[in-house]
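Trainee: prediction below, plus the sequence it came from.
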Amino acid sequence: MELGELWKKLDSDKLSKPVLGAVHIQKKSKHPVQKLKNAYLWTTGFSLAFLIGFVVLFFLFDETIVKAGLVFMIVSYIFFFAANFSMYRKVNVVLPIDQSLKQALEHTYRFITDNIRFQERVALFIYPLAAASGFLMGGSAGSGNVEKMLEVKEVILIMIITSIVLTPIGFYLTRWMYKVSYGKCLIELKALIDEMERPE
């Protein structure tokens, strides 16, 4: 593929002028790398919003076991906030214009897909405890004494079953959300890489 044709596909009207063998993608560009970076910014914002929500809930409940569950959720969302913000900073929108362009795009594609898989796996371990934390919050709000409620074996059994049922649901819901947030952009990026591999 001719270099000129390639840059047309990179939405060159919204790219800044090349400097020292590189080009900087502007924030309003429709280039898939920029859209992926923007997606991480949105995900970081959602993580922060949930983190703030759980911090507020922490001060609304008095029972120790409920607070322990909320601390777990707060720590989990601190992790997701840090992970997404780190990815936002690491997605490079300064791309080379020489033969290493394809390698840079491939690296970005692998880097993001690996990160998504990593977050999915981490979340899979979080879901059971998150479901249990939600169960405890509901029990505390309903009965006012969740520790006494947990003295009933049937209640503990229901909590375990709830966690088992909600874990796969949460996993597939998260996978769907990642697909909505990043899937289309990753497909566009992969198509661009595949086109660069075709012989001229």
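Mentor: Yep, it's here. Numbering: from 1, shown residues only.
Trainee: what about residue 60, how many neighbours?
Mentor: Here the neighbour count serves as a burial measure; for residue 60 (other CB atoms under 10 Å) it reads 11. Every residue, glycine included, has its C-beta placed from N, CA and C.
Trainee: would you agree it falls within a strand?
Mentor: No: remark: residue 60 does not belong to a strand; assigned using DSSP: H, G, I helix; E, B strand; the rest coil, it is coil.
Trainee: do you know how far it is from residue 88?
Mentor: Summarising the geometry, the distance separating residue 60 from residue 88, computed by CB to CB, to the nearest Å, is 31 Å.
Trainee: phi, psi of residue 95?
Mentor: Torsion angles at residue 95 (phi, psi; degrees, to the nearest 10) stand at phi -110, psi 140.
Trainee: hmm, it is touching residue 102, no?
Mentor: No: applying CB atoms under 8 Å, one finds residue 95 not in contact with residue 102, separated by 10.2 Å.
Trainee: who has more neighbours out of these two?
Mentor: Neighbours per residue (other CB under 10 Å) separate residue 95 from residue 102, with residue 95 holding more: 19 against 15.
Trainee: mind telling me what element residue 40 is part of?
Mentor: Residue 40 belongs to helix 32-58 when elements are defined using DSSP states H and E.
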